[in-house]
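K.L.:
no sequence for this one, just the structure:
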């Protein structure tokens, strides 16, 4: 191999080495930019996850409150049902008593089915 061939091969190797070094530098810059971007995305995701966890906790608490209120309403509806039954029973007793009173008044007015006397009263 002549000096000229050797010099061309050395020049080629040096150019390749320089190209590799430039490519590695570009890769480092891209890697650094990606790392920075990933850190920012990780920070944003962490904030969003924290906010989501807080909202889920709020929803769980609201559901527990709603469940407790529904249970309380169930008891109140049951109490109202009993009171309605009591009122219905009292209404029936009142109807019976009114019917007795109406019958008594009708008998009194009609004279127990007898014709009224001609007393002039």
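P.N.:
Nice, I can see it. Quick caveat, the model's predicted, so the values are computed rather than measured.
K.L.:
pick out the residue closest to the middle of this structure.
P.N.:
residue 59 (5.6 Å; CA atoms, centre = their mean).
K.L.:
ok, the residue of the chain most remote from its centre to residue 8 distance?
P.N.:
Within the chain, the residue lying farthest from the chain centre (CA atoms, centre = their mean) is residue 2, at 84.4 Å. According to CB to CB, to the nearest Å, residue 2 and residue 8 sit 10 Å apart. From N, CA and C alone the C-beta is placed, and that goes for glycine too.
K.L.:
which positions within stretch 63-76 qualify as buried?
P.N.:
By 16 or more other CB atoms under 10 Å, stretch 63-76 has no buried positions at all.
K.L.:
mind jotting down where the strands sit in this structure?
P.N.:
Taking DSSP state E, the chain contains no strands at all.
K.L.:
for it, just list every one of the helices.
P.N.:
3-110 (DSSP state H).
K.L.:
run a quick neighbour tally on residue 77.
P.N.:
10 (other CB atoms under 10 Å).
K.L.:
and if you look at residue 38?
P.N.:
10.
K.L.:
low pLDDT regions in the protein?
P.N.:
Of all residues in the chain, those with pLDDT under 70 make up the ranges 112-121.
K.L.:
at 90 what do you get?
P.N.:
1-3, 71-72, 74-75, 107-121 (pLDDT under 90).
K.L.:
re the thing from before, now do the contacts for the residue farthest from the centre of the chain.
P.N.:
Shown in contact with residue 2 (CB atoms under 8 Å, 6 or more residues apart in numbering): no residues.
K.L.:
could you pull up phi and psi at it?
P.N.:
Dihedral angles of residue 2 (phi, psi; degrees, to the nearest 10) stand at phi -90, psi 170.
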